[in-house]
Each structure stands twice: as structure tokens, then as C-alpha cells.
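# Provided below are the primary sequence and the corresponding predicted coordinates.
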Amino acid sequence: MIVGNVYWDNFSLLLIVSNSLIILSTNSNDINNPINQSDSWFLFIYTFEMLLKIFAYGFVIPEGSYLRESWNVLDFLIIVIGITSFILRIYFT
């Protein structure tokens with residue numbers, strides 16, 4: 001199972017660190033900067049990771065399912081807020 005692999009966990013941590021460094025190094029007011037478009041790509045990657053885990057472990061009901069782990073609940077909330085923000089940004093821009 002790919003999502004239970006130690007390499008997958010390391011890759012996920014690398015993505016989080018990369019995303020954090022990009023956020024710290026860019027000016028969020030400069031909308032023409034191509035680096036600011038990376039938020040959409042990271043949101044896509046995080047959503048894909050979440051969906052892989054949901055398909056692998058189940059969503060809520062099975063023991064050990066995705067939403068039975070507190071870190072995954074936090075990830076789920078952040079991704080839902082990110083998707084909502086993305087949709088609103090597209091709709092109102």
C-alpha cells in the first residue's frame with residue numbers, strides 16, 4: 001500500500017516543507033509572480049494525497065479510517081477550506 005509506506009510519509013513531509021518555504025519566500029501581494037500560482041498545485045497534490053488515503057483506509061466508519069486520526073481531521077479541514085477558497089477566488093475574480 002503506497003500511503004502506508006515510509007517513503008510516502010517522507011515525500012509528504014518534503015511537500016509540506018517545500019510549500020512552507022515557498023510561502024515564506026514570496027510576496028503574496030504580487031499576483032503576477034508565477035510562484036504564487038504554486039498554491040493551486042500544492043492544493044491539488046494535498047487533495048490527491050487525501051483521496052488516496054480515503055480510498056485506502058475508508059472515510060469514517062471502518063476502524064483505522066481516515067477521519068479517525070486527528071492529524072487527518074486537521075488535513076481534511078485545511079483542504080476543504082483551501083478548496084472553498086480556490087472556488088471563491090475563481091468565482092469572484
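Received the coordinates, thanks.
# and the helix ranked longest in the chain, what other elements does it pack with?
Using DSSP state H to define each element, the chain has its longest helix at helix 70-92. The contact analysis (3 or more C-beta pairs under 8 Å, 6 or more residues apart in numbering; DSSP states H and E) places helix 70-92 against helix 38-57. No exception for glycine: its C-beta is placed from N, CA and C like everyone else's.
# Just the residues contacting the helix it packs on, thanks.
1-4, 12, 15, 19, 22, 64-66, 72, 75-76, 78-79, 82-83, 86 (C-beta atoms under 8 Å, 6 or more residues apart in numbering).
# From those residues, list just the buried residues.
Using 16 or more other C-beta atoms under 10 Å as the burial test, the contacts of helix 38-57 include 3, 12, 19, 65-66, 72, 75-76, 79, 82 as buried.
# Show me which pair in these is furthest apart.
Spatial extent of these (C-beta to C-beta) is set by the pair 19 and 65 at 25.7 Å.
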